[in-house]
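In: show me the folded form of this:
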Amino acid sequence: MQTFLIILGIVAVAAGVYYFLIKTGKIEDKDGDYIADDIEDVIDDVKEEVAEAKAKVKKTVKAVKTRVNKVVDEVEDVVDELQDVVQAIKGKPTKSKLNSLTKQQLVDAAKQDHGVDLDLSIKKSTLVNKVYSLYNKK
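Out: Take a look at the predicted model:
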């Protein structure tokens, strides 16, 4: 209890000194609200900085959303291109079309369209010939 009274006394003395300094003009308080003008200026500066920071964050979020949308569009384009590669095999595949595919794509196409398992360890030219012969047997 004594500690509380001591702290209360110190706060009361500090408030009295603050009040005295404001009344004597040592601390400026032009608007008369008993808050020093220097403190009000600092608070206004902090508010401005917070507003600027919020604006920067909003701008950054908008930029990130734009970039994410662009990436999504690019991924969709890649998927479309991959579907075009699969479509290139369908219909009338030529050896030049088959040569443009990777070994994995050739093996996948043979498995999907003909149910034939081919080995990835064989040379690409051999794979192309085997897949070409599968499509021409139909």
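
In: need the contact list for Ala63.
Out: For Ala63, the contact set (C-beta atoms under 8 Å, 6 or more residues apart in numbering) is empty. The way it works is simple: take the backbone N, C-alpha and C, and place the C-beta from them, glycine included.

In: quick check: it vs Val57, distance?
Out: Shown here: Ala63 relative to Val57, a distance of 11 Å by C-beta to C-beta, to the nearest Å.

In: ok, Asp37 - how many residues close by?
Out: 13 (other C-beta atoms under 10 Å).

In: that one contacts Asp29, doesn't it?
Out: Yes: if you go by C-beta atoms under 8 Å, Asp37 and Asp29 touch, sitting 6.2 Å apart.

In: can you give me the strands in this structure?
Out: Here the chain has no strands by DSSP state E.

In: pLDDT of the top helix by length along it, averaged?
Out: Longest helix of the chain, by residue count under DSSP state H: helix 37-89. Across helix 37-89, pLDDT averages out at 89.
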